[in-house]
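*Asks:* Here is a sequence together with a model predicted from it:
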Amino acid sequence: MRITNKAIMDHYNRGLNKALNRYAKAQDRVLTGRNFNEVSEDPAAAVRAFRLRSQFRKNAGQMEMNEETMSRVVELESATLQISKILTETINPDSLKSVNGTNWNESTRNTYAATLRGMQQSLVLAANTQINGQFLFGGETDQVPFVLSEDGKTLTYRGIDVNSCDPADLEKLKEFSKETVYVDLGFGLEETVEGTADGKPEIISTSAFNTSYPGINFLGYGPGEDGKSDNIIVLLGQMASELESPDFDHKKLDGMINKFQDEMKGFIDAQTKLDTDAEFLRTNMKRLETYNDTLNERIVSVEKVDMEEAISTYIYQQYCYNAALKVGTNILSQSLLDFMR
């Protein structure tokens, strides 16, 4: 079989182009710091990279949501602290229990009643705190949740009297108290398969975080026993009314004060739950940040080159390409001499 110059040159050119291609790729890896720039270069690594980057973006969104939720809870803590100060620093149960017709005259009682009325207004303002246009204690509503009548005797939550005896109103308030607004904070957000009675699936509570904090869970609702309201703000109004009454009964006031102290325990319990949620969110943020770092490391391991190995490969491919050029020089020289012969 006769080997022609053309055959030799074609074979050489193919080899030279391959060497140049390998050299260019090695150079590109060093310059870009990437293992691959196209899926075709490493399909398996590309699939892993896409999956990791998808997880990274999802985790970043969860971190942002956790941060927003944390800001909301911090504002809630501030609002409940304000309410707590109003309740604990203004009312002195021991002094109120000492009230009777002998040591507190009508004028003094009226003065204290006015203080209680003022506290009602301050509490309603604190309970209607907004952040970014949303009411902290309003649940899903975008309307003012708490509205107090001018005489301080009636308080409504989302349009319903919190002291109503109507079973339908109480049922609605109960629904408000259980209202949920779930967000995904990285717990594998899932819904029930079967769905609820209305046929709609429901989010599994352990797979998400509830960001709804209805104000009536802190301040209470319902008419209570013996006419003493289960709502702290309304109860303060009832205490004020008793102090203002011409037929003032200090035993009746004592019963309201005891009721007030019981309701304060409920408020403190709700406040403690809020503090627990805040600590949980701080811990979860650390978890998400750690996972973010882990994902980033994995992405780097898949997409980024080992620079020492990349430079070594680059130098080797450069050597191979230069060697191919040198071989080509010899081939061309020999071919020219053969032609001259």
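*Replies:* Perfect, thanks for sending it.

*Asks:* Just give the nearest non-adjacent residue to F267, would you?
*Replies:* Closest residue in space to F267, ignoring its immediate chain neighbours: F218 at 5.7 Å, by C-beta to C-beta, 6 or more residues apart in numbering. C-betas here are computed from N, CA, C, even on glycine.

*Asks:* Which of the helices or strands spans the one you found?
*Replies:* Using DSSP states H and E, F218 maps to helix 216-219.

*Asks:* Quick check: next helix or strand after that helix?
*Replies:* By DSSP H and E, the next helix or strand past helix 216-219 is helix 232-244.

*Asks:* by contact count, what packs against that next one?
*Replies:* Packing partners of helix 232-244 (3 or more C-beta pairs under 8 Å, 6 or more residues apart in numbering; DSSP states H and E): helix 106-127, strand 155-157, helix 250-303.

*Asks:* I'd like these as CSV, with mean neighbour count appended.
*Replies:* Below are these laid out as CSV (neighbours: other C-beta atoms under 10 Å):
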stretch, mean neighbour count
helix 106-127, 17
strand 155-157, 23
helix 250-303, 15
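
*Asks:* wait, which of these is closest to A7?
*Replies:* Closest to A7 of those is helix 250-303 (C-beta to C-beta; 42.2 Å).

*Asks:* Next, the closest residue to V181 other than its chain neighbours: phi, psi?
*Replies:* Nearest non-adjacent residue to V181, counting by C-beta to C-beta, 6+ apart: S212, 4.2 Å away. With angles defined as degrees, to the nearest 10, S212 sits at phi -90, psi 130.

*Asks:* about what we covered before: and the helix holding F218, what does it pack onto?
*Replies:* For helix 216-219, the packing partners by 3+ C-beta pairs under 8 Å, 6+ apart are helix 43-90, helix 106-127, helix 167-177, helix 250-303.

*Asks:* Output these as a markdown table; include the columns mean pLDDT and distance to Q143.
*Replies:* What follows is those, written out as a markdown table (pLDDT from 0 to 100; distance: least, C-beta to C-beta, whole Å):
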| stretch | mean pLDDT | distance to Q143 |
| --- | --- | --- |
| helix 43-90 | 89 | 18 |
| helix 106-127 | 90 | 14 |
| helix 167-177 | 94 | 13 |
| helix 250-303 | 90 | 22 |
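
*Asks:* Present those as JSON lines; the columns should include distance to K153.
*Replies:* What follows is these, written out as JSON lines (distance: least, C-beta to C-beta, whole Å):
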{"stretch": "helix 43-90", "distance to K153": "19"}
{"stretch": "helix 106-127", "distance to K153": "10"}
{"stretch": "helix 167-177", "distance to K153": "16"}
{"stretch": "helix 250-303", "distance to K153": "14"}
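
*Asks:* Just tell me which of the ones you listed ends up closest to Q27.
*Replies:* Of all the helices and strands packed on helix 216-219, the one in closest proximity to Q27, counting by C-beta to C-beta, is helix 250-303 (17.9 Å).

*Asks:* For the helix holding F218, which outside residues touch it?
*Replies:* For helix 216-219, contacts defined as C-beta atoms under 8 Å, 6 or more residues apart in numbering pick out 80, 83, 123, 127, 137, 157, 162, 173, 176-177, 231-233, 267, 270-271.

*Asks:* Does the residue nearest to V181 touch G139 like I think?
*Replies:* Yes - between S212 and G139 there is a contact under C-beta atoms under 8 Å: 5.3 Å.

*Asks:* more neighbours, these two?
*Replies:* Set side by side, S212 and G139 show more neighbours around G139, with 22 against 16, by other C-beta atoms under 10 Å.

*Asks:* Quick check, the more buried one in contact with R158.
*Replies:* Yes - the criterion here is C-beta under 8 Å, and G139 meets it with R158 at 7.5 Å.

*Asks:* Overlap of the contact sets of these two?
*Replies:* 145, 176.

*Asks:* Contacts only, for the residue nearest in space to the middle of the chain.
*Replies:* With distances taken as C-alpha atoms, centre = their mean, N66 lies nearest the centre of the chain, 2.7 Å away. By C-beta under 8 Å, 6+ apart, the residues touching N66 are 185-186, 281, 284-285, 288.

*Asks:* one more time with 7 Å
*Replies:* 185, 281, 284-285, 288 (C-beta atoms under 7 Å, 6 or more residues apart in numbering).

*Asks:* can you check V302 too?
*Replies:* Counted by C-beta under 7 Å, 6+ apart, V302 has contacts 45, 48-49, 52.

*Asks:* A46 now?
*Replies:* Applying C-beta under 7 Å, 6+ apart, the residues contacting A46 are 36, 39.

*Asks:* likewise R158?
*Replies:* Counting by C-beta under 7 Å, 6+ apart, R158 touches 141, 145, 176.

*Asks:* And for F135?
*Replies:* F135 touches 128, 141, 144-145, counting by C-beta under 7 Å, 6+ apart.

*Asks:* Kindly write the ChimeraX command that selects the buried subset of these.
*Replies:* ChimeraX command restricting the contacts of F135 to the buried ones, with burial defined by 16 or more other C-beta atoms under 10 Å:
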select :128,141,145
